[in-house]
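Q: Here's my sequence, what's the structure:
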Amino acid sequence: MSYVVDFADVSTEGLESSPVAAALAGLRANEARYFRNKYSHVFTVEPASEATEAVDWVHRILKEERDLVIESRPLEATAFEVEGIKMAYVFYESGLSINVMYALEAAGKRAVGFKLSDGMEVPEELATQFKFARQKSKLAGTIRGSYFVIKGTY
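A: All right, here's what the predicted structure looks like:
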């Protein structure tokens, strides 16, 4: 069952099993606010078990580009297209959020972004490969983020 993410009244619905559920909900709401303000897109997520195509696409890119396998269990995911960009998000039980921004035009930008919820440790599988910058968010507290550019075609 899909869920429209409300950034005015932040809810932990679907994320309750995360030890940092409130921070992860704030991170998810932060993304919802961004897409609503920038693209007038309503950010909707569904349980990862129902969004297997999006989860599999993100995991395939991670594996093929950087030989990464995320150890945490995916809780929710979404995939959509805005202004010629295919987007996918996966929210993990650990508090990790991974997004793929994939321009449909061959010359466009393509990248994978990682965001860590306030209060979580850097996952072991990411700690040696990435440095994380900090940003403040009214909805999510301190977000630590990193990214890499996608080189392949997906």
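Q: Point to the helix or strand of the protein where mean pLDDT is at its lowest.
A: strand 133-137 (a mean of 86; mean pLDDT, DSSP states H and E).
Q: Quick check: mean pLDDT of stretch 144-154?
A: Across stretch 144-154, the average pLDDT comes to 95.
Q: Can you give me the buried ones in that stretch?
A: 144-146, 148, 150 (16 or more other Cβ atoms under 10 Å). All C-beta atoms are positioned from the backbone trio N, CA, C, and that covers glycine.
Q: Measure how buried the nearest residue to residue 135 once chain neighbours are set aside is and give me the count.
A: Distance criterion Cβ to Cβ, 6 or more residues apart in numbering; nearest residue to residue 135, sequence neighbours excluded, is residue 143 at 5.1 Å. For residue 143, the neighbour count with other Cβ atoms under 10 Å is 21.
Q: Assign residue 143 to helix, strand or coil.
A: strand (DSSP: H, G, I helix; E, B strand; the rest coil).
Q: okay but it is in contact with residue 30, surely?
A: Yes. Counting by Cβ atoms under 8 Å, residue 143 touches residue 30, with 7.1 Å between them.
Q: Tell me where this structure has helices.
A: For the chain, applying DSSP state H gives helices covering 21-39, 52-66, 124-127.
Q: so residue 69 touches residue 125, yeah?
A: Yes. Contact criterion Cβ under 8 Å: residue 69 and residue 125 qualify, at 6.6 Å.
Q: out of the two, which sits in the more crowded spot?
A: residue 125 (17 against 9).
Q: Which residues does the least confident helix or strand of the chain contact?
A: 26-27, 30, 142-146 (Cβ atoms under 8 Å, 6 or more residues apart in numbering).
Q: how does it look with 7 Å?
A: 26, 30, 142-146 (Cβ atoms under 7 Å, 6 or more residues apart in numbering).
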